[in-house]
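In: How does the following fold in three dimensions:
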Amino acid sequence: MSGPSRFLRRWGLPRLSGAWELPAGPAGFPVFLLMGQSNMAGFGGVHPSDPWQPGDFSPVPRALVLGGQCTLKSHRRRGWTRWRPAAHPLHLSQKSACFGLALPFASRLLEENPALTIGLIPCAWGGAGIDRLGPGTPLYENAISRARQAAKRGTLAGVLWHQGETDALDDSLARSHAEKLGALIARLRSDLSVPQLPFLIGDLGTFGDARRDPAALARQDLVRAGLRRVASEVSHAAFVESEGLAGVDAVHFSRAALIEFGRRYAQVYQSSF
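Out: All right, here's what the predicted structure looks like:
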C-alpha cells in the first residue's frame, strides 16, 4: 500500500463530536457484539404493509458502531475500523443488510439511561450457519479482534445473538446446533477474558411454520428448543421471545417486528444482568 493511502486510512475519518462523542471512560460506554445471520445483520426487505418511516435511516444520538467487519472468506477488515454514528445499515460488508434490531435495542437502553453512549460491533452475516461463525472462522476471528479493540475505550457488556435458520435446514446440523452454540459462548468468553459476558439468545420466528412440511417444522422446533435450553443452562445467558412477531417471508422479521424484537432484547438485558 502506498504512503498516501496509509495516510488517508489513518487520518481521513472525521473526529466524532457532539451527540456521538466518545465517552471519557469505559464505564459510560457499554459495547455489544452483534452475532448471527440475516435477522441480526438486518434483512433488506420490507413488506408493502410495513414501509420505511421517516427517520429509519437517521443516526441515533449517543449510539456508535465500529467498522472493519470482514467477509465469510477472509478475516481481513474492510473499510474503516473506527467508531462512527450508528445508523441503519450497521453491517456495511453485505448488500442485503439494511434495517435490524440492534439500534432499537440501543435506543431502549438509552431511554433508561441517557447518560450512556452505546457501542455496537456488527459481526453477523446473512445465511451463515453456526459453523461459519464459530472459532477458527474469519467472522469469529474478526469479531474477537474488533471486540478487543473496542474494549480499549469501552466495556464489553454483552452479545446479541440471533441465528439458527440455516442450521434448521439439515437434520444433522439441527441436532448439533445447541452443543455448538454452548461451545461458542464458552470460547468467546475465554478469548475475550470476560467469563460472565452476558449472552442474549433470540428465538427464531414462528410466522413461517404454516408453510413448512412436517420434517422441516421438526428441525425448526429442534433448533428452537436448543436455543432455549442453552439460554437456561449456560450461566449469564438469557432467552428473548419472538412470540407474536410478524415476518415478511418464511424466516425474516418485518420492520415493525425488528423494532419490537430489539426492545425485547433490551428489556431482557435490563432485567437479567
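In: Roughly how far does the residue lying closest to Ala63 once chain neighbours are set aside sit from Leu64?
Out: Nearest residue to Ala63 in three dimensions, chain neighbours excluded: Ala86, at 3.9 Å (Cβ to Cβ, 6 or more residues apart in numbering). The C-beta positions use only the backbone N, C-alpha and C, and glycine is treated the same way. Computed with Cβ to Cβ, to the nearest Å, the distance linking Ala86 and Leu64 is 6 Å.
In: Now for those two: what residues contact both?
Out: 118, 120 (Cβ atoms under 8 Å, 6 or more residues apart in numbering).
In: Walking through the stretch 51-200 of the chain, point out its strands one by one.
Out: 63-66, 83-85, 118-122, 155-162, 199-202 (DSSP state E, counting those that start in this stretch).
In: now those in TSV, with mean pLDDT, distance to Ala210 and mean neighbour count?
Out: Below are the strands of the stretch 51-200 of the chain laid out as TSV (pLDDT from 0 to 100; distance: least, Cβ to Cβ, whole Å; neighbours: other Cβ atoms under 10 Å):
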stretch	mean pLDDT	distance to Ala210	mean neighbour count
strand 63-66	97	36	26
strand 83-85	96	40	20
strand 118-122	98	32	26
strand 155-162	98	21	24
strand 199-202	98	21	25
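In: among those strands, which is nearest Ala128?
Out: Closest approach to Ala128 among the strands of the stretch 51-200 of the chain (Cβ to Cβ): strand 155-162, 11.3 Å.
In: Give me the angle between the closest one and strand 118-122.
Out: 50 degrees (axes from the mean of the first three to the mean of the last three Cα atoms, to 10 degrees).
In: what's in contact with strand 155-162?
Out: Against strand 155-162 from outside (Cβ under 8 Å, 6+ apart): 26-27, 29-37, 39-40, 101-102, 105, 124, 147, 150, 181, 185, 188, 192, 194, 197-202, 265, 269, 273.
In: hmm, back to that, any chance of CSV for the strands of the stretch 51-200 of the chain, columns distance to Asp50?
Out: Formatted as CSV, the strands of the stretch 51-200 of the chain follow (distance: least, Cβ to Cβ, whole Å):
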stretch, distance to Asp50
strand 63-66, 23
strand 83-85, 25
strand 118-122, 23
strand 155-162, 19
strand 199-202, 19
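In: Of all those, which one comes closest to His91?
Out: The minimum distance between His91 and the strands of the stretch 51-200 of the chain falls on strand 118-122, with 4.4 Å, by Cβ to Cβ.
In: Who are the packing partners of that closest one?
Out: strand 30-36, strand 63-66, helix 102-112, helix 138-150 (3 or more Cβ pairs under 8 Å, 6 or more residues apart in numbering; DSSP states H and E).
In: Ok, which of these comes nearest Gly119?
Out: Gly119 sits nearest to strand 30-36 of all the helices and strands packed on strand 118-122, at 3.7 Å, using Cβ to Cβ.
In: chain center to that closest one, what's the gap?
Out: Strand 30-36 has its C-alpha centroid displaced from the chain centroid by 5 Å (Cα atoms, centre = their mean, to the nearest Å).
In: Stretch 66-77 too?
Out: Averaging C-alpha positions (Cα atoms, centre = their mean) puts stretch 66-77 15 Å from its chain's average.
In: again with stretch 97-108
Out: Using Cα atoms, centre = their mean, the mean C-alpha position of stretch 97-108 is found 9 Å from that of the whole chain.
In: Just the residues contacting that stretch, thanks.
Out: Surrounding stretch 97-108, the residues in contact under the criterion Cβ under 8 Å, 6+ apart are 32, 34, 38-46, 52, 56, 60, 63, 86-91, 118, 120, 122, 126, 160, 162, 202, 253, 255, 258-263, 265-267, 269.
In: How about stretch 79-92?
Out: Here stretch 79-92 makes contact (Cβ under 8 Å, 6+ apart) with 9, 13, 16, 19-20, 22, 34, 41-42, 56-60, 63-69, 78, 93, 97-100, 102-103, 106, 118-120, 122, 124-125, 146, 149, 153.
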